[in-house]
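*Asks:* fold the following, please.
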Amino acid sequence: MFETDRRTLLRAAAAGMAVAPALTATGASAATFEDLSPRRRIPFDFDWRFSLGHASDVNRDYGFGRDQKTFAKQGQGVAAPTAADFDDSTWRAVDLPHDWAIDLPFAKNEYFIPPNNPDDGDPAAGHGYKALGRKFPENSIGWYRKVFRLDKADETKRLTLEFDGVFRDATFILNGYILARHESGYTPVSIDISNFIDTEGPNVLVVRVDATLGEGWFYEGAGIYRHVWLVKTDRLHIPQWGVWARGETSGQVALETRVANQEDSTAELTLVSTVFDGAGKAVATVESAVQIGAFAEVTVPQAAALPAPHLWSLDDPHLYTIRSELRRNDQVTDAATTRFGLRDIRFDAQNGFFLNGKWLKIRGANNHQDHAGVGIAMPDALHVWRVEQMKALGANTWRCAHNPPAPELLDACDRLGMLVVNETRLMTSAPEGIAQLETLIRRDRNHPSVILWSIGNEETAQQGTARGLKIAKDMRRAVKALDPTRPVTAAMNHYQGYGITPALDVMGFNYHEMDIEPFRKLYPDMPIIGTETASAVSTRGEYIRDEARGYVRAYDLDAPSYALTAEAWWTLYNSKPYLSGGLVWTGFDYRGEPTPFNRWPEISSHFGIFDTCGFPKDIYHYYRSWWQDEPVLHLLPHWNWEGREGQAIAVWAYANLDAVELFLNGKSLGRKTMPRDSHQEWQVPYAPGTLTAFGEKNGKVVMKTMRRTAGPAARLVLTANRAAVTNDGQDVALLRVEAVDKDGLPVPNADNLVHFDSDGPGAVIGVGNGNPTSLEADRATSRRLFNGLAQAIVQSRRGQAGLCRVTARSEGLAPASVTIRIEA
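*Replies:* The predicted model follows:
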């Protein structure tokens, strides 16, 4: 049946007929021709066992010393858990992605240690005060174990394991053979297991992960936190990321396809590359004869011309797909699918950035891979949701701080229309650094969303030095050898115009706006982008600075000494056409780096436009006012100020309208024009009741918003971002719970403890509330509201379908429920 369907669809594609696209769990269009390859890429995320600690701690009967490994004899137990008869019944059953650090207790440390200040202790505050690192060796090593079986036919195939991300320092052992060690916590690793498999009995895969040392100064988690794949191909195959498409807006596409032969003799074959448009219709096909020697690899160039080229843009992110087939004697031995887009980018030192020849001001944010409830082990749908929130804000660019992102994030940016600044973790020309950089580029160069390669971030010890320039030049050469189409940048916080500057195509400014004009005198022909801007701090729903409680006011008034407020930076960048645009630090709050107070119990930053749950802060509405065209009118703060009757309360309005008039309990407090890229404010003596703002455009009232004094919390309101999720065991829905009074008004200061009960084919896997000082557990089924809100993440159970009902309840409040369909 499979072969019949395959031939039918291939004939349809060859005839130019449209192949109907299927809808994936996250809504991505995946044409069915992608399921026709003879290769198999099998999700390997399920049915793992996990244990925290050293090998000797999990089974002492083998007589190993503390975590001892021996390389003397391969194929027999090199550590206790690698033995076939090892009893892992006491280990925890886990599925991937998995972040064990999220489950660790918090460990108090009295101060934040910046990454450039060496110290004998661990910078616990910088990593969210989790009990991980040199001071906590018992929490810093984890063991993963998976037992699986293979088919007899697999003996003649090439089998690889692809790990998208493990944090960090991972040792991979299969059937007693130590196959690889991979130190990077952010770059993927592919391991050929063909020679080490067992097709007669079980295979035992063990991964030892050592997160003792970090790579950043922010929460980095621990464990196998991205996907794992088992890939089965023919010995004559296309290697991982083996297809590169360089498309031009004219429709001309230059293809390079790597072909590998792991057989004992020379092979003659045909490479057939078929390009499909976004609807699944074949629009071009090219064929090339290939001869490849035994155990060799060749790169095959091809050229295709696409009729009526459909460009990729922010509003219409059209994607093409290449199906690359290797055929020998009319039999397909391997095939791979690769997405790409046609678009043109240009940075100009005088006029900024252009996409497809049209001027575009870059506006966006930096983001870490970290979210409430799950840590760094983010489900695919959560990546998509976070990009959607940034799009709704009006952002058009996402900087990956400060490491290669998850592949699913780039897929979401491609599909939704979000530009990306892609950054390597290590700024070094040592072999490891160049290897990580080359891996990043090979993996991501087909993504039309990627517009810049960043080779470093705030490298204070080298960015202004001659040594740093030598390193940067070597990194630049590595980039250009693999992708000459995109410019190179680095995010510099000092020495712009000196040191590594000659190695860059676009200068990245991290703050220090006073240095922009001096730099332009030194390098008048080098474009500029604000790789980090603002760093303004605010806490959602808080309007009084409270150092004792660790909260910052949500008015746009506070920023570190090196940075500007949101309004100050955007006003500057938006007024200068030669500034390509800027990226806020940050889009979402993240664990660690707890500026501005840098002390216990601040476990997360306050930088975000959104909090750690993705709930918008008030500053969201400032950016949305000026980053998109829909009318905006927003008032802050809330209007519950019991005990402050008669005292002046600062009331701000964010709007992209001509004027705003404010009323309190029906009495006008004045009409004010709205300055561009700014806000308006009033000092209002507090009286309970209703604040009302009317927004005007062209002399007419077009919007109205209110803030009303709420009574005591009476009931909960529970909503989900999706009505249905797939039953793949990984898809998720995000639940928002809010406390309201008897009249349905949100209670802005509610902090009730909420319990989440679920039944059916779904379960709550994590919770959060955006409170930067909360020490509550993330992997739990209860959470206190923080300023009226909390979040729960519900994940489907694999293979089960039906209705999942989730109920939120809190003592003294009426409960609320929501039903989510779990679909096959």
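*Asks:* can you tell me the closest non-neighbouring residue to residue 145?
*Replies:* In this structure, residue 145 finds its nearest non-sequential neighbour in residue 49, 4.5 Å apart by C-beta to C-beta, 6 or more residues apart in numbering. Where C-beta positions appear, they are placed from N, C-alpha and C, glycine not excepted.
*Asks:* which helix or strand contains that neighbour?
*Replies:* For residue 49, the host element (DSSP states H and E) is strand 48-52.
*Asks:* what of residue 498?
*Replies:* Residue-wise, residue 498 maps onto no helix or strand under DSSP H and E.
*Asks:* go on, the one 10 residues further on?
*Replies:* Mapping residue 508 onto the secondary structure by DSSP H and E places it in strand 506-510.
*Asks:* and the next element down the chain from that strand?
*Replies:* helix 516-522.
*Asks:* for the record, mean pLDDT for that next one?
*Replies:* Regarding helix 516-522, the rounded mean pLDDT is 98.
*Asks:* and for stretch 83-95?
*Replies:* So the average pLDDT for stretch 83-95 ends up being 94.
*Asks:* need the residues that contact it.
*Replies:* Residues from elsewhere that reach stretch 83-95, judged by C-beta atoms under 8 Å, 6 or more residues apart in numbering: 45-51, 58-59, 62, 77, 80-81, 143-145, 175-176, 201-202, 204, 729-730, 798.
*Asks:* just the buried ones from the residues you listed?
*Replies:* 45-46, 48-51, 58-59, 62, 77, 80-81, 143-145, 175-176, 204, 729-730 (16 or more other C-beta atoms under 10 Å).
*Asks:* inside strands: which ones of those residues?
*Replies:* The strands, defined by DSSP state E, take in 48-51, 143-145, 204 from those.
*Asks:* helices of this protein, start to end?
*Replies:* 2-14, 55-58, 380-393, 407-416, 431-444, 466-482, 516-522, 566-575, 619-627 (DSSP state H).
*Asks:* picking that back up, got the ones in strands among the buried ones among the contacts of stretch 83-95 as a markdown table, with pLDDT and distance to residue 276 columns?
*Replies:* As requested, those are arranged in a markdown table below (pLDDT from 0 to 100; distance: C-beta to C-beta, whole Å):
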| residue | pLDDT | distance to residue 276 |
| --- | --- | --- |
| 48 | 98 | 35 |
| 49 | 98 | 41 |
| 50 | 98 | 40 |
| 51 | 97 | 45 |
| 143 | 97 | 43 |
| 144 | 98 | 37 |
| 145 | 98 | 41 |
| 204 | 97 | 41 |
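*Asks:* pLDDT below threshold where in the protein?
*Replies:* Scanning the chain for pLDDT under 70 picks out 1-36, 55-72, 77-78, 109-123.
*Asks:* repeat that for 80
*Replies:* By pLDDT under 80, the low-scoring segments of the chain are 1-37, 54-73, 76-79, 109-124.
*Asks:* contact partners for the residue nearest to residue 616 when sequence neighbours are not counted?
*Replies:* Of all residues not flanking residue 616 in the chain, residue 610 sits nearest, at 5.6 Å (C-beta to C-beta, 6+ apart). Counting by C-beta under 8 Å, 6+ apart, residue 610 touches 389, 587-589, 616-617, 620.
*Asks:* okay, these in TSV with neighbour count next?
*Replies:* Output for the contacts of residue 610, formatted as TSV (neighbours: other C-beta atoms under 10 Å):
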residue	neighbour count
389	19
587	28
588	27
589	28
616	18
617	22
620	22
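*Asks:* can I get the helices of the chain in TSV with distance to residue 488?
*Replies:* Formatted as TSV, the helices of the chain follow (distance: least, C-beta to C-beta, whole Å):
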stretch	distance to residue 488
helix 2-14	38
helix 55-58	43
helix 380-393	24
helix 407-416	18
helix 431-444	10
helix 466-482	5
helix 516-522	17
helix 566-575	21
helix 619-627	27
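*Asks:* closest one to residue 704 among the ones you listed?
*Replies:* With C-beta to C-beta as the measure, helix 619-627 is the member of the helices of the chain nearest residue 704 (15.0 Å).
*Asks:* packing partners of that closest one?
*Replies:* helix 380-393, helix 566-575, strand 633-636, strand 648-655 (3 or more C-beta pairs under 8 Å, 6 or more residues apart in numbering; DSSP states H and E).
*Asks:* want to try JSON lines for these, with distance to residue 464 as columns?
*Replies:* JSON lines is the format used below for those (distance: least, C-beta to C-beta, whole Å):
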{"stretch": "helix 380-393", "distance to residue 464": "32"}
{"stretch": "helix 566-575", "distance to residue 464": "23"}
{"stretch": "strand 633-636", "distance to residue 464": "41"}
{"stretch": "strand 648-655", "distance to residue 464": "39"}
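*Asks:* among the ones you listed, which is nearest residue 747?
*Replies:* Of the helices and strands packed on helix 619-627, nearest to residue 747 by C-beta to C-beta is strand 633-636, at 16.2 Å.
*Asks:* next, the buried residues of that closest one.
*Replies:* When neighbours are counted by 16+ other C-beta under 10 Å, the buried residues of strand 633-636 are found to be 633-636.
*Asks:* swap in stretch 492-501?
*Replies:* Buried residues in stretch 492-501 (16+ other C-beta under 10 Å): 492-493, 495-501.
*Asks:* distance from the chain centre to it, please.
*Replies:* Offset of stretch 492-501 from its chain centre (C-alpha atoms, centre = their mean, to the nearest Å): 28 Å.
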